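> model this:
(one chain, ligands or ions: 1)
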Amino acid sequence: MSDKSRRTRPETRAAKAARPDQRSDPKVHYKLRRKIPDPIWSLSEIVHPLKPTSPRRNCLGDDQTNFAVLGVPPVGNVEAQPFLKWVGGKAQLLAQFDEFLPARVDRYFEPFIGGGAVFFHLKHRLPDLRAFLRDNNAELINTYVVVRDFPHELMRRLDAHLARFLADRANYFYHVRAQHHLSASEVVERAARMIFLNKTCFNGLWRVNARGEFNVPVGSHKNPNLYERANILAASHALRDVHLATQDFRDTMNETRRGDFAYIDPPYVPISATASFTSYTKEDFGAEEQHELAALFADAARRGARLMLSNSDVPFVRNLYRGFKTHTVQARRAINCDGSKRGAVNEVVVTSGD
Ligand SMILES: C[S@@+](CC[C@H](N)C(=O)[O-])C[C@H]1O[C@@H](n2cnc3c(N)ncnc32)[C@H](O)[C@@H]1O
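Take a look at the predicted model:
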C-alpha cells in the first residue's frame, strides 16, 4: 500500500460513513446536488453553443452521475411533469385516465399536445413508446424541441430571465413580451421567452391576439419558479426519440392507422358563455372544427386505430360521439377569472375499440 493511499483511506471511510445520514435528509440532497458542477457540459457549451449533444450524454451522462452519487433516481426513472402551465392540463386527471390507457403501444399520437401531461405519464410507463406529438402552436412545438435538444442552454437563459425579472419586475416582463418577432433561428431564446412569460404572466396562460402575439398581462408572482432542473432533464430524456411537428389536427388524425394509439385533447367546447377559452393560437377552434374532429375520429376508428378523446361533458359533445363508448371523469378547472366560479366539473372521455 502506498503512503498516499494509507493517508487518504481514513478520510474516504469517514466520507462514506457520512453519506447514509445525508441521504436520509432531503435538504442535504438538494444542497449537495446544487453544488456539483457540470464540467463536461460546460466545455461542450463553450465549443458549440447550439450544437445538440447526444441526448443520452446530454440528459443522462453528467446528471445521472450526480444523481447516482447522491442516491437520487436517475433521469430515466423520473416521471417528467409538464414544464408549462397549460389551460386544460391533464396532470390532475392521470389517475382517472389510467384505466383507459393501453398496456402496450407501438405508435402514439397526440394531435393537441399542450402541456403534455398524458404523454409524459404514458412514456414513463411504456419507455419504448414511439411518439408523434403535434400541435398547431409553433412556439409550443419549438419549446418542446429545445427542451429535447438544448436543455442546458435553455436553463441558463431562464436563469438570466429570472435575475432580470427580480431586478426590474413588470418592466422586464413587458420588455420580453414585446419581443414578438424573434427570428425563427433563435430557437433557445424563443423557448426561454415562452417559459418565462408563461410562468410570470397572470394565471399562467398562453393566449394570443388576432396577430398571433402573446397578450397576457404580468402576474403577481414575487419569486416565480421558472423551472425545476431535474424535471427539465427528465422531460428532455422522455422526449429523446420523439417526433415533434407543428401541424393541424386534421393531418395528424389522418396519419393514424391500425394498431396506433392516439390521445386527443382538443380545445374544449365551452360549458358556458363566460367559460370559453380557445385562443391558444390565432385560429379559434369552434363548432365546425369540433364536427370535423368527430368525423376524423370516426374515420380513424374505422381504420383500426385505438383512440381516446376528452372534452367537456355537454350534450353537443355527447351527440358528436354517439355510437362510441363514453365515460365521465371529474376535474377541477380554474379558467374563470372569478375565483368563486372555479370548481369541480365533469369531463367526458370517449374511447374507440374494446
Ligand atoms: C386542451 S389543449 C391540450 C391540453 C393538453 N393535452 C394538456 O394536457 O395540457 C388544446 C391544444 O390544441 C392546440 N390547437 C388548437 N387548434 C389546433 C389545431 N387546429 N390543430 C392542432 N392543434 C390545435 C392548442 O394550441 C392547444 O395546445
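
> Leaving aside the residues adjacent along the chain, what's closest to the one residue in the chain that gets nearest to the ligand?
The minimum distance from the chain to the ligand, using Cβ to the nearest ligand atom, falls at G114 (2.5 Å). To be clear about C-beta, it is placed using only N, CA and C from the backbone, and glycine gets the same treatment. Distance criterion Cβ to Cβ, 6 or more residues apart in numbering; nearest residue to G114, sequence neighbours excluded, is W86 at 4.5 Å.

> and if you look at Q330?
That would be A344: by Cβ to Cβ, 6+ apart, it lies 5.4 Å from Q330.

> Could you give the number of residues near that neighbour?
A344 is flanked by 8 other residues according to other Cβ atoms under 10 Å.

> again, but for the one 3 residues further on
Neighbouring residues of E347 were enumerated by other Cβ under 10 Å; the total is 23.

> any idea how far it is from L154?
Distance of E347 to L154, given as Cβ to Cβ, to the nearest Å: 32 Å.

> Now do the contacts for T246.
The neighbourhood of T246, defined by Cβ atoms under 8 Å, 6 or more residues apart in numbering, consists of R134, D135, N136, N137, A138, I141.

> doesn't K199 make contact with the residue nearest to G114?
No: in this structure, W86 is not within contact of K199 by Cβ atoms under 8 Å, at 11.7 Å.

> Spit out the contact partners of the nearest residue to V105 once chain neighbours are set aside.
Using Cβ to Cβ, 6+ apart and skipping the chain neighbours, the partner closest in space to V105 is F261 (4.5 Å). With contact set as Cβ under 8 Å, 6+ apart, F261 has these partners: P102, V105, R107, Y108, F109, A305, R306, L307, M308.

> Pop out the phi and psi values for F261.
When read as degrees, to the nearest 10, the backbone of F261 gives phi -120, psi 130.

> Quick check: beta-bridge partners of it?
For F261, the beta-bridge partners are Y108, R306 (DSSP bridges).

> where's it relative to N223, distance?
From F261 across to N223, the span is 40 Å (Cβ to Cβ).

> Repeat that for T246.
The spacing between T246 and N223, counted by Cβ to Cβ, is 33 Å.

> What score does the residue nearest to G259 when sequence neighbours are not counted have for pLDDT?
Of all residues beyond its chain neighbours, the one nearest G259 is D106 (6.0 Å), with distances taken as Cβ to Cβ, 6+ apart. Looking at D106, its pLDDT stands at 91.
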